[in-house]
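Enquirer: the sequence and its predicted three-dimensional model are supplied below.
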Amino acid sequence: MKSQSFQKPMDEREKLRRFRELDDAFAEALRSLDNPSQAAKIPTGPPVRSLADLEAEETQRVEEEANRRFEERLRTLMQEYSLQPEDVARLLETLKSQGRVA
């Protein structure tokens, strides 16, 4: 058989104590609304980011990866053709002056 547990009825003092706790909590919440800088810190999840922010981050990540691959390929070519950074800089300046590189 299931045992049934009966809750003991609250006496007036207990009711009054619980009411005061609830009243105090409500008053604190109202005070925090009046002065948000003093509000209790409530843990929340990570901040919500807009779709535009997410797309901008993805674009930046893709660009950084492309730059990394370009630099890696450039270093490989420089090593393969025994070019010094000064030689490559001079080549780029020449190409720019000819209008071939933006």
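Expert: Structure's in. What do you need? The structure presented is a predicted model; accordingly, all values stated were derived computationally and were not measured. Residues are numbered from 1 along each chain as shown.

Enquirer: how about the helices in this protein?
Expert: 12-34, 51-80, 85-97 (DSSP state H).

Enquirer: let me know the angle separating the last one from helix 51-80.
Expert: The directions of helix 85-97 and helix 51-80 differ by 120 degrees, with axes from the mean of the first three to the mean of the last three CA atoms, to 10 degrees as the criterion.

Enquirer: other SSEs contacting helix 85-97?
Expert: helix 51-80 (3 or more CB pairs under 8 Å, 6 or more residues apart in numbering; DSSP states H and E). Just so you know, the C-beta spots here come from the backbone N, C-alpha and C atoms, and that holds for glycine as well.

Enquirer: what mean pLDDT does the helix it packs on have?
Expert: Averaging pLDDT along helix 51-80 yields 94.

Enquirer: now that helix: how far from the chain's centre is it?
Expert: 22 Å (CA atoms, centre = their mean, to the nearest Å).

Enquirer: for stretch 76-86, same thing?
Expert: Using CA atoms, centre = their mean, the offset of stretch 76-86 from its chain centre is 40 Å.
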